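A.B. asks: Please find the sequence and the predicted model below.
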Amino acid sequence: MLSIAEISALYASKGGRMYSGEPVTQLEHALQTAWQAERAGASDAQVAASLLHDIGHMVNDLGETPTEQGVDDLHQYHALAALRGAFPDAVVEPIRWHVDAKRYLCRERPEYYASLSPDSKRSLVLQGGVFSLEEAGAFSARRWAEDAVKLRLWDDLAKNAGESTPGWAHFEAVLERVVSSS
């Protein structure tokens with residue numbers, strides 16, 4: 001379980017790495033995703049989940065773009081281990097299910113797949129592919145499915161080189177609020 005100070009240090013040390021075949025760094029992607037959530041009027045827990053959803057890529061550090069080597073780094077599960085106990089389920093569970101949300105959206109919205117970046121399409125295959133009808137039904141019945149889908153959609157919008165967002169300190173304050181209220 002990582003503290004907020006340890007999370008901040010992790011982003012300071014590894015956040016400058018490129019984000020899996022995208023034109024942004026890990027830190028830029030995290031900030032942009034959180035900014036998407038905040039601008040959408042999301043709760044502090046949803047903003048925190050958006051900020052931290054890909055922390056597992058840095059915790060389970062397999063270098064840049066492991067999907068090019070045919071590897072699914074299972075980042076959602078490494079994030080669980082890093083965050084559970086420090087953050088409430090309203091933060092951790094959408095992170096846990098955001099990969100499945102991509103698989104679900106590909107099933108439910110055929111145009112969604114076409115909008116994915118090349119690396120997201122590559123990782124989709126490694127993550128099990130598009131959900132079957134039964135898998136989609138089971139996913140949508142989960143308590144945190146709706147929040148995971150919102151997170152996934154914000155995630156997809158957060159890959160823009162040079163996009164201006166509030167800095168880490170702004171969102172670190174959100175993390176502090178979430179922890180202090182849980």
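C.D. replies: That came through, no problem. Numbers count the residues shown, from 1 in each chain.
A.B. asks: Any idea how many residues pack against the closest residue in space to residue 147 that isn't next to it in sequence?
C.D. replies: Nearest non-adjacent residue to residue 147, counting by C-beta to C-beta, 6 or more residues apart in numbering: residue 94, 4.1 Å away. Placement of C-beta: from N, CA and C, glycine included. Using other C-beta atoms under 10 Å, the number of residues around residue 94 comes to 27.
A.B. asks: Would you mind measuring from the one residue sitting closest to the centre of the chain to residue 159?
C.D. replies: The chain has residue 53 as the residue nearest its centroid, 2.9 Å off, counting by C-alpha atoms, centre = their mean. Distance, residue 53 to residue 159, using C-beta to C-beta, to the nearest Å: 13 Å.
A.B. asks: Please enumerate the helices of the protein.
C.D. replies: Secondary structure of the chain by DSSP state H: the helices cover 4-14, 26-39, 44-52, 55-59, 75-83, 89-108, 110-115, 118-126, 133-140, 145-156, 168-181.
A.B. asks: Can you list the helices and strands that the second one packs against?
C.D. replies: Same thing as helix 26-39. Applying 3 or more C-beta pairs under 8 Å, 6 or more residues apart in numbering; DSSP states H and E, we find helix 26-39 packed against helix 4-14, helix 44-52, helix 55-59, helix 145-156, helix 168-181.
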